[in-house]
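**Student:** sequence first, predicted coordinates after that:
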Amino acid sequence: AQTVTQSQPEMSVQEAETVTLSCTYDTSENNYYLFWYKQPPSRQMILVIRQEAYKQQNATENRFSVNFQKAAKSFSLKISDSQLGDTAMYFCAFMNYGGATNKLIFGTGTLLAVQP
Amino acid sequence: NAGVTQTPKFQVLKTGQSMTLQCAQDMNHNSMYWYRQDPGMGLRLIYYSASEGTTDKGEVPNGYNVSRLNKREFSLRLESAAPSQTSVYFCASRNPVEAGETQYFGPGTRLLVL
């Protein structure tokens, strides 16, 4: 069975600085997707970034980028130029590739606080 | 596009009462999901529906039933609520043919069972 581990329950960063959130996963599959979702105090789950395992290039979305290390089964999220609005719970998630029944498997989350 | 909508936003139940959580999506997605979120844990899958007319159990299905009413709507029913079902419930939808396999989430329903 696949598992996702986020070992940092809470993190804090100063506004405008850079922070990295860690995620590791376990799977025997070769093709899969990885996601980072953001959950602000409103509780809405918002997709931040996604990575296809077959792509060697790390995904980037504006200030958000990932460091995907497939052999190490590691998928960290880097937030550059942190803003107050980045304060949220961040969840790493895994999904097998292909098939209509594929499900997301979530980590336990990292609570990020951006300090002014 | 409203995306994924859920009703109600908040509900208080007494132990033993029943209720149905409603979910609808207007993105023409085939697959729909119900998750629960508890403190200190990530989202856990309760039930899912790969397509209209099909439903399957997820990780934590006990105490719940679902109905995929049509392609748009996927409801979650608690027949006899228990305090252990106090949680935040999220509905999500996904189109398997869409590149990236992204699931889109509703705003959540906060349920308190006394």
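**Tutor:** Arrived safely, thanks for sending.

**Student:** rest of the way, CA atoms for contacts and neighbours
**Tutor:** OK.

**Student:** where does residue 20 sit: helix, strand or coil?
**Tutor:** Answering for chain A, as no chain was given. Three-state call for A:T20 (DSSP: H, G, I helix; E, B strand; the rest coil): strand.

**Student:** what is the burial count for it?
**Tutor:** Using other Cα atoms under 10 Å in any protein chain shown, A:T20 is surrounded by 16 other residues.

**Student:** for the helix or strand hosting A:Y90, name the packing helices and strands.
**Tutor:** In the assignment (DSSP states H and E), A:Y90 maps to strand A:88-96. Counting contacts by 3 or more Cα pairs under 8 Å, 6 or more residues apart in numbering or on different chains; DSSP states H and E, strand A:88-96 packs against strand A:3-5, strand A:32-39, strand A:105-106, strand A:110-115.

**Student:** show me where chain B has strands.
**Tutor:** B:4-7, B:10-13, B:19-25, B:31-37, B:43-49, B:56-57, B:65-68, B:74-78, B:87-94, B:104-105, B:109-113 (DSSP state E).

**Student:** need these in a markdown table (columns: mean neighbour count, distance to A:K70 and mean pLDDT).
**Tutor:** Shown next, in a markdown table, are the strands of chain B (neighbours: other Cα atoms under 10 Å in any protein chain shown; distance: least, Cα to Cα, whole Å; pLDDT from 0 to 100):
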| stretch | mean neighbour count | distance to A:K70 | mean pLDDT |
| --- | --- | --- | --- |
| strand B:4-7 | 20 | 32 | 96 |
| strand B:10-13 | 14 | 41 | 96 |
| strand B:19-25 | 20 | 34 | 97 |
| strand B:31-37 | 25 | 27 | 95 |
| strand B:43-49 | 24 | 24 | 94 |
| strand B:56-57 | 14 | 30 | 94 |
| strand B:65-68 | 19 | 36 | 96 |
| strand B:74-78 | 20 | 35 | 97 |
| strand B:87-94 | 25 | 25 | 95 |
| strand B:104-105 | 22 | 25 | 92 |
| strand B:109-113 | 19 | 36 | 97 |
